[in-house]
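Peer 1: missing the sequence, but the structure's below:
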């Protein structure tokens, strides 16, 4: 089954404790992206990647890191989480043929206390 | 910079009535426009897109949207709403910089 998977789905952590949210897709997509969803703000792009070893900042990259060492994986790293990073995070992927039709993962709900 | 506005936080309609969800956009260059839907506790699902061609595009689940360049709008429509259409709807715009920008979302409630 074609899908984007994220782990964990739910995470409660404390300020300053490094964490990684994994994202994996099995559709051989070139493009992958991370978003955060906050009430009243919709989805805001954190980082995106056009292909292996190619990443770029989205609209809200501060406090986040990403890497793209393999085509299928695009982990999101919070080196020192803070309470304002409490949010619902989505990973997405797509082919890069101008379609922009992105496939979204199920989401990771992160709470930082 | 590109942006999307969804002027209504909520839209309430009765089942069987027409449903419209409004979207306006701002982008440099030719716009690529999209609608996504999010059901409770789920990720977003693609509904439809406008890249080029006919201004009226048809998508999944009986939805359609009309691109209006002069009004910079891309409203989502369904002629006869179902209770199962109740969800959160997002409009999105992209241009040639590989970035997809989403609106804040509109919650649609269809009452039986």
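Peer 2: Received the coordinates, thanks. Values in this document were obtained by computation on a predicted structure and should not be read as measured data. Numbers count the residues shown, from 1 in each chain, chains lettered A, B, ... in the order given.

Peer 1: hey, let's count contacts and neighbours off CA atoms from now on
Peer 2: OK.

Peer 1: Now do the contacts for residue A:86.
Peer 2: Taking C-alpha atoms under 8 Å, 6 or more residues apart in numbering or on different chains as the definition of contact, the neighbours of residue A:86 are A:109, A:110, A:111, A:112.

Peer 1: Would you check how far apart it and residue A:5 are?
Peer 2: 20 Å (C-alpha to C-alpha, to the nearest Å).

Peer 1: Low-confidence ranges, the chain, go.
Peer 2: The chain I'm using is chain A. Residues of chain A meeting the criterion pLDDT under 70: A:97-99.

Peer 1: The intended chain is chain B.
Peer 2: B:96-98.

Peer 1: closest point of it to chain A, which residue?
Peer 2: The shortest separation between chain B and chain A is 3.7 Å, found at residue B:104 (distances taken as C-alpha to the nearest C-alpha).

Peer 1: That residue: what's its closest spatial neighbour, skipping adjacent residues?
Peer 2: Across the structure, with C-alpha to C-alpha, 6 or more residues apart in numbering or on different chains as the measure, the residue nearest residue B:104 apart from its sequence neighbours is residue A:42 (3.7 Å).

Peer 1: Now the closest residue to residue A:57 other than its chain neighbours: which helix or strand?
Peer 2: With C-alpha to C-alpha, 6+ apart as the measure, residue A:47 is the residue that lies nearest to residue A:57, at 4.6 Å, once sequence neighbours are left out. Counting by DSSP states H and E, the secondary-structure element that holds residue A:47 is strand A:42-51.

Peer 1: partners of that strand, with directions?
Peer 2: Strand A:42-51 has the following sheet partners, assigned by DSSP bridges: strand A:31-38 (antiparallel), strand A:54-57 (antiparallel).

Peer 1: Nearest spatial neighbour of residue B:38, chain-adjacent residues omitted?
Peer 2: Of all residues beyond its chain neighbours, the one nearest residue B:38 is residue B:44 (4.6 Å), with distances taken as C-alpha to C-alpha, 6+ apart.

Peer 1: Report the contact partners of that neighbour.
Peer 2: Residue B:44 makes contacts with A:103, A:104, A:105, B:36, B:37, B:38, as judged by C-alpha under 8 Å, 6+ apart.

Peer 1: Enumerate every residue touching the residue of chain B closest to chain A.
Peer 2: Contacts for residue B:104 were tallied using C-alpha under 8 Å, 6+ apart; they are A:39, A:40, A:41, A:42, A:43, B:5, B:6, B:90.

Peer 1: Out of the contacts of residue A:86, which end up buried?
Peer 2: Listed as buried from the contacts of residue A:86 are A:109, A:110, A:111, A:112; burial here means 16 or more other C-alpha atoms under 10 Å in any protein chain shown.

Peer 1: Kindly provide the distance from the residue nearest to residue B:38 to residue B:24.
Peer 2: Taken as C-alpha to C-alpha, the span from residue B:44 to residue B:24 is 20 Å.

Peer 1: and what of residue A:13?
Peer 2: In terms of C-alpha to C-alpha, residue A:13 sits 38 Å off from residue B:24.

Peer 1: out of these two, which sits in the busier spot?
Peer 2: Neighbours per residue, other C-alpha atoms under 10 Å in any protein chain shown: of residue A:13 and residue B:24, the larger number sits with residue B:24, 21 against 16.

Peer 1: show me the residues around the spatially closest residue to the more buried one that is not a sequence neighbour that make contact.
Peer 2: The shortest distance from residue B:24 to any non-neighbouring residue, by C-alpha to C-alpha, 6+ apart, is to residue B:73 (4.2 Å). Going by C-alpha under 8 Å, 6+ apart, residue B:73 touches B:22, B:23, B:24, B:25, B:66, B:67.
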